[in-house]
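Asks: turn this into a structure:
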Amino acid sequence: MHISFSRGDWRPSQRFVPTMAMLLAVTLWGSSFVAMKIAFTELDPFFVVFGRLTIASLCFLPFVRRYGGAALQRRHILPLVWMALCEPCFYFLFETFALQYTSASQASMITTMLPLMVVLTAALVLKEKLSRKTVAGFLVAAAGALWLTLAGDSTEQAPKPVLGNFLELIAMACATGYIILAKVLTRELSPVIVTAVQSIIGALFFFPFLFLPQVALPFGAPASAFAIVLYLGLFVSVGAYGLYNYGVSRLPASQASAFINLIPVFSIALGFLLLGERLNCWQVIACILVFSGVIISQDRKSCHLDSEVKNE
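Replies: Residues are numbered from 1 along each chain as shown. Below you'll find the model as predicted:
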């Protein structure tokens, strides 16, 4: 496999649409924490995950042939399967168990490591060149996300925090694999087909979990709970992943991953609006710091990855 690079003319006008797609994607992901928090009070977590992925799969099925077509070849199958196993399969699996052993605040603190993990991996695997400005922006955003988490007033218990945080770190490693593989695959495949494969494989992966003895089936659950699952499937699993896959196909993976730091910011903001949660003074400052870091990291002079992948 040979990867060639060129600088390309990466004007602000060319960045606007993928940047807006990224912002909308992380907003939807931020809303998913609030939505899932409500859904878990009525439905089993495994049913919620399976339900949202099944809904997403059904939405994508009509478009698989249209957008897959001749572009989808046998050599794409293995990377697509590995990408889907990374996320949503193993990502959701490890994160679900992690939250049983550690507090939400500590788990959120671990998620801020994702962009930095992607930066390092993209530099090693995709040979993306990073400017000092991009690295500085990541560090500022990560510091803000850490501050945002630590400044919160948490009352959740962490019976085995070391184990829980380790499992969350593995989840972040899975997410890193997803972002890198999505970047490679969207060079040749439509973001639609990439997102569709994620959803279909994820639904098949979580289906057997419904038959575990400890998983309660949703008999008698209120209609509002199913409405939330529908929202998660349509707007989060379809919308957010589709928008993010589109954005990552147009931006360097290292810069695209910087938007991940905005997820806790949007989550807290939506919690304030929908659940009546309050932000203290330090959290507001931390939110500003995260936004500033993401803006700094979007270095217009950094190299745009314009690669062609060929079989040797």
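
Asks: when you work out contacts or count neighbours from here on, use the C-alpha atoms and nothing else.
Replies: Noted.

Asks: show me where the stretch 151-300 of the chain dips below the pLDDT cut-off.
Replies: The model of the stretch 151-300 of the chain has pLDDT under 70 over residues 152-158, 253-254, 275-279, 298-300.

Asks: all helices of it, in order?
Replies: Listed in chain order, the helices of the stretch 151-300 of the chain (DSSP state H, counting those that start in this stretch) span 161-185, 191-206, 223-231, 241-250, 253-256, 263-274, 281-297.

Asks: could you single out the most deeply buried of those helices?
Replies: Of all these, helix 253-256 carries the top mean neighbour count, a mean of 27, counting by mean count of other C-alpha atoms under 10 Å.

Asks: tabulate the helices of the stretch 151-300 of the chain (a markdown table), appending distance to Ala216.
Replies: Formatted as a markdown table, those follow (distance: least, C-alpha to C-alpha, whole Å):
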| stretch | distance to Ala216 |
| --- | --- |
| helix 161-185 | 23 |
| helix 191-206 | 14 |
| helix 223-231 | 14 |
| helix 241-250 | 28 |
| helix 253-256 | 38 |
| helix 263-274 | 27 |
| helix 281-297 | 37 |
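
Asks: nearest to Phe60, of these?
Replies: helix 191-206 (5.4 Å; C-alpha to C-alpha).

Asks: tell me how far the closest one lies from the chain's centre.
Replies: In terms of C-alpha atoms, centre = their mean, to the nearest Å, the centre of helix 191-206 is found 14 Å from the chain centre.

Asks: by contact count, what packs against it?
Replies: Helix 191-206 is packed against helix 45-68, helix 74-84, helix 241-250, with contacts defined by 3 or more C-alpha pairs under 8 Å, 6 or more residues apart in numbering; DSSP states H and E.

Asks: wait, what's in contact with Ala286?
Replies: Gly144, Ala145, Trp147, Leu148 (C-alpha atoms under 8 Å, 6 or more residues apart in numbering).

Asks: re earlier: of all the helices and strands packed on helix 191-206, which lies closest to Ala225?
Replies: helix 45-68 (9.2 Å).
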